[in-house]
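Trainee: Pasting a predicted model and its sequence here:
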Amino acid sequence: MDISSSKIFSPDMPMGFDMALAKNELARSYFYALPEQSQVQIIGQANSIHSKEEMQAYADSLVKNSFM
């Protein structure tokens, strides 16, 4: 996926969330395919996460929750 075509730009994205998405290509693709409003909501929730492990679990859950 071309990152330059993403709707949310790096300054708006918590670095830990961006790094977690980088480790899960499926979650990253899913996130950037969402409408901008959904991305903003997800980022808002990510802002309240403070540990690396929780952030990765949150990013991974995007894909798990999308198929339920």
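Mentor: Thanks, I have the structure now. Numbering: from 1, shown residues only.
Trainee: list the helices and strands whichever helix or strand Gly16 is part of packs on?
Mentor: Assigned by DSSP states H and E, Gly16 belongs to helix 15-22. In terms of contacts (3 or more C-beta pairs under 8 Å, 6 or more residues apart in numbering; DSSP states H and E), helix 15-22 is packed against helix 25-33, helix 36-46, helix 52-66. C-beta: built from backbone N, CA, C; applies to glycine.
Trainee: List the contacts of the residue lying closest to Asp12 once chain neighbours are set aside.
Mentor: Sequence neighbours aside, Ile43 is the residue nearest to Asp12 in space, at 6.5 Å (criterion: C-beta to C-beta, 6 or more residues apart in numbering). Going by C-beta atoms under 8 Å, 6 or more residues apart in numbering, Ile43 touches 8, 12-14, 17.
Trainee: mind redoing it with 10 Å?
Mentor: By C-beta atoms under 10 Å, 6 or more residues apart in numbering, Ile43 lies in contact with 8, 12-14, 17-18, 31.
Trainee: Name the residues of the helix holding Gly16 that come out as buried.
Mentor: By neighbour count on 16 or more other C-beta atoms under 10 Å, the buried set for helix 15-22 is 16-18, 20-21.
Trainee: tell me the contacts of the residue nearest to Ala20 when sequence neighbours are not counted?
Mentor: With C-beta to C-beta, 6+ apart as the criterion, Ala20 has its nearest non-adjacent residue at 3.6 Å, and that residue is Ala59. Neighbouring residues of Ala59 by C-beta under 10 Å, 6+ apart: 16-24, 27-28, 30-31, 42, 46, 49.
Trainee: rerun that using 8 Å as the cut-off
Mentor: The contact partners of Ala59, taken as C-beta under 8 Å, 6+ apart, are 17, 20-21, 23-24, 27, 31.
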